[in-house]
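1. Provided below are the primary sequence and the corresponding predicted coordinates.
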Amino acid sequence: MALKLDGMSPKELETLIRDAQARMAAAQAEQIASVRSKIDGLLQSAGLQLADVYPGRGGKPGKRAGAGVAKYRNPANPAQTWTGHGKKPAWFLAALKKAGTTEASLRIGPSAAPSRAVASKKAPAKRTAKRTAKKAPKSA
């Protein structure tokens, strides 16, 4: 099937391209459906499931196998965690900007730093010492 494109106007060419792209999408969808039905037939005749043939696939979407163990947790949203590998997430960087927050305080598990409540109890004692030093009368 050969088309003469030389004599076509830009509008006719746009229509032809649009029609060809729609037909291409339909042909790809038909091919995928055909291959999928063949695979389903093979799996059913063998008494298998896709997870049996390809372990690790078909699990939770968005989670890659072996992503690692979470080492840090977002205090504002405990569902957000980070393994400590790769780029630091935005919540991690934002938490570090808050006063009194360190990487160790965001760690999960026994190696986590003491809570902020313990750190805040120490802070007033230092402030008090500074205030009393400032209020001491000057001797001439």
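-> It's in.

2. counting contacts, what elements does whichever strand or helix holds Asp19 pack onto?
-> In the assignment (DSSP states H and E), Asp19 maps to helix 10-46. Here helix 10-46 is seen to pack against helix 50-53 when contacts are counted using 3 or more CB pairs under 8 Å, 6 or more residues apart in numbering; DSSP states H and E. Heads up, the C-betas are built off the backbone N, CA and C, glycines and all.

3. show me what whichever helix or strand comes after the helix it packs on is in contact with.
-> For helix 50-53, the following helix or strand on the C-terminal side (DSSP H and E) is strand 72-73. By CB atoms under 8 Å, 6 or more residues apart in numbering, the residues outside strand 72-73 that reach it are 80-84, 92, 103, 106-108.

4. and these, which of them are in helices?
-> Assigned to helices by DSSP state H, the following of these qualify: 92, 103, 106.
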